[in-house]
Structure formats: C-alpha cells, structure tokens
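> Build me a model from this:
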Amino acid sequence: MDKMLYIAMSGAKQNMHALSINANNLANAKTTGFKADLAQARSMQAYGEGLPTRVFSMTERASQNFDSGSMLTTGRSLDVAIEGDGFMAVQAGDGKEAYTRSGHLRVTEQGTLETNSGELVLGENGPIQLPLPVNNIQIGRDGTIMVQPEGAPSSVQDEVGRIKLVNTDVRLIEKGNDGLFRAKGGAALPADINVKVLGGTLESSNVNPINEMTEMIALQRQFEMQLKMMKTAEEIDSSASALLRAF
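Numbers count the residues shown, from 1 in each chain. As a prediction, this is how the structure comes out:
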C-alpha cells in the first residue's frame, strides 16, 4: 500500500511541474522568438537506507521545440528575424554572453542597441553603440548596421557595427530561467557568417495554443487520477487497520 501511495504522490507532484511548464508556454504564446519548452517524465529509483525498492516519477524540462515561428512583417527598421537556424548574441543580466531569436530592438538615450527585454545587443567587439543623433538606421542581411548621421544627405550611410550572429547544434545549448540560451560549459560561441537576418520582420512564438490547452487538460486529468489513487491507498490502509483491530 505504501508503494502505491508513494508512486501516486510523486506522480501528482510531477504533474504539477509539467503543468507549470505548460502554463509558461501558454503565457508566452505571443512572445517574439519564444521557443516552447518540452517536458518528459521518467522513472527514478529512490536510494536511501535499505534496499532501493521505491520508484518515483520525475518530470524534466528536457529541451525546447526549435521549430521556427511564423514571420511577421512590421516594416520597422529595428525589427529583425533570424532566417533559418541561428541566434543573435546579447549580454545577459549577469554580464555574460547569451543568445536569443527575439529581434525586437530599440536604441537607448545613450545610443546603446538593446532588445525589448533590456539585454544589450553584442557586436564583434562588445555591445553595439550608435553615434546619436541619427536620422535613419538600416540592418543588413548579415547583421551590419548602417546609419545616416543627422543633417547628412540620404546617400551618406556609415557602418557602426555588425550584430554577432551564431549557429550551433541545439543539443549544445541550454535555456536559462531568463528565457535566453547559453552554450553548455559557459564558453562563448563563434560568429557564423552564414546566419542571415530579415529586416523589418519579427519571428513569432512557435507555441501552438490549441496543443498546449489540450495538453493542459490531459495533465489535469492525470493529476486527478493520482489524487484518487492516494485516496484509495488511504481507504485500504483504514480497512487493514480496522481488520487488525477486530482480531
């Protein structure tokens, strides 16, 4: 009976964890460049005093769905989308290099190029700084940033930097709690000249809300089943105790 209760308890706990992953995906269905998290469950032996006779279930955020989202044309010069595979390098809150596919960019009052979430966009020599004021900003297919200085004719275009674009096997990167990807081991990835971007375009989230809602219903039903198993285990325990007292 106690084995039944242990399995049901651990199963309910991991169902709740899977629900949190599912809910996070749904919450980011409209987040630019978001990649849906995938959850998987596996059985684990519980080691401790005595023999390892107990098994519990463990749900993990195994990886992400790296399929591309749909491309949305915005016409905004500071919107870029990665074409095909690849990532854009940014400076995360901890000061280290990280990677994203969210190309909704902006320029701060100090002229620093950053994402809509506040991460600094990295170039070949660190964060990209624009010489303000400028009249026009254009981002080329290879990530090159061209600006028209204020007061200069439209034919004058100065290159101020190039966005660092990288590409690697997705099995060699991992997603952090801030939604940014990092190379396993912490090393910075080299720039890849084959990665291209589309200007005036944003990549939408690849979350499918219908699939996520269906999965949420299935997880809730599994959670209810685990609770029923725990209730059944309690009833069996009560019946066994009553039987022993009768003798």
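
> Going by C-alpha atoms from here, please, whenever you check contacts or count neighbours.
OK.

> For the protein, which helix or strand comes out least confident on mean pLDDT?
Ranking every helix and strand in the chain by mean pLDDT, DSSP states H and E puts strand 54-64 at the bottom, with a mean of 68.

> residues contacting Thr31?
Residues near Thr31 by CA atoms under 8 Å, 6 or more residues apart in numbering: Ser204, Ser205.

> about what we covered before: report all helices and strands that the very next helix or strand once past the least confident helix or strand of the chain contacts.
Once strand 54-64 ends, the next helix or strand along the chain (criterion: DSSP states H and E) is strand 71-73. Using 3 or more CA pairs under 8 Å, 6 or more residues apart in numbering; DSSP states H and E as the contact test, the elements touching strand 71-73 are strand 201-203.

> For the strand it packs on, which helices and strands make contact with it?
On a contact count with 3+ CA pairs under 8 Å, 6+ apart, strand 201-203 meets strand 71-73, strand 80-83.

> Just say which of these is most tucked in.
strand 80-83 (a mean of 24; mean count of other CA atoms under 10 Å).

> Just checking: what are the partner strands of the next helix or strand after that strand?
Scanning forward in sequence from strand 80-83 by DSSP H and E, the next helix or strand is strand 87-91. Applying DSSP bridges to the sheet, strand 87-91 is found paired with strand 97-100 (antiparallel), strand 120-123 (antiparallel), strand 165-166 (antiparallel).

> Around Ala242, how many other residues sit close by?
Burial of Ala242, expressed as a neighbour count using other CA atoms under 10 Å, amounts to 11.

> mean confidence for the helix or strand hosting it?
Taking DSSP H and E as the definition, Ala242 sits inside helix 209-246. Mean pLDDT, helix 209-246: 84.

> which secondary structure elements does that helix contact?
By 3+ CA pairs under 8 Å, 6+ apart, helix 209-246 packs against helix 2-27.

> so the helix it packs on versus helix 209-246, what angle?
160 degrees (axes from the mean of the first three to the mean of the last three CA atoms, to 10 degrees).

> Buried ones in helix 2-27, by neighbour count?
5-19, 21-22, 25-26 (16 or more other CA atoms under 10 Å).

> what's that helix packed up against?
strand 37-46, strand 54-64, helix 209-246.

> What does the spatially most central residue of the chain show for phi and psi?
Closest to where the C-alpha atoms of the chain average out (CA atoms, centre = their mean) is Gly179, at 4.3 Å. Per-residue torsions, Gly179: phi 90, psi 0 (degrees, to the nearest 10).

> what's the spacing between the closest residue to Asp67 other than its chain neighbours and Thr214?
Spatial nearest neighbour of Asp67, excluding adjacent residues (CA to CA, 6 or more residues apart in numbering): Asn206 at 6.7 Å. Here Asn206 is placed at a distance of 16 Å from Thr214 (CA to CA, to the nearest Å).

> So between those two, which is more surrounded?
More crowded of Asn206 and Thr214, by other CA under 10 Å: Asn206, with 22 against 10.

> quick one: contacts for the more buried one?
Ala29, Gly33, Phe34, Lys35, Ala36, Asn65, Asp67, Ser68, Gly69, Ser70.

> likewise Val80?
Shown in contact with Val80 (CA under 8 Å, 6+ apart): Gly103, His104, Leu105, Ile139, Val197, Leu198, Gly199, Gly200, Thr201, Leu202.

> If anything else comes up later, I'll come back, but that's it for now.
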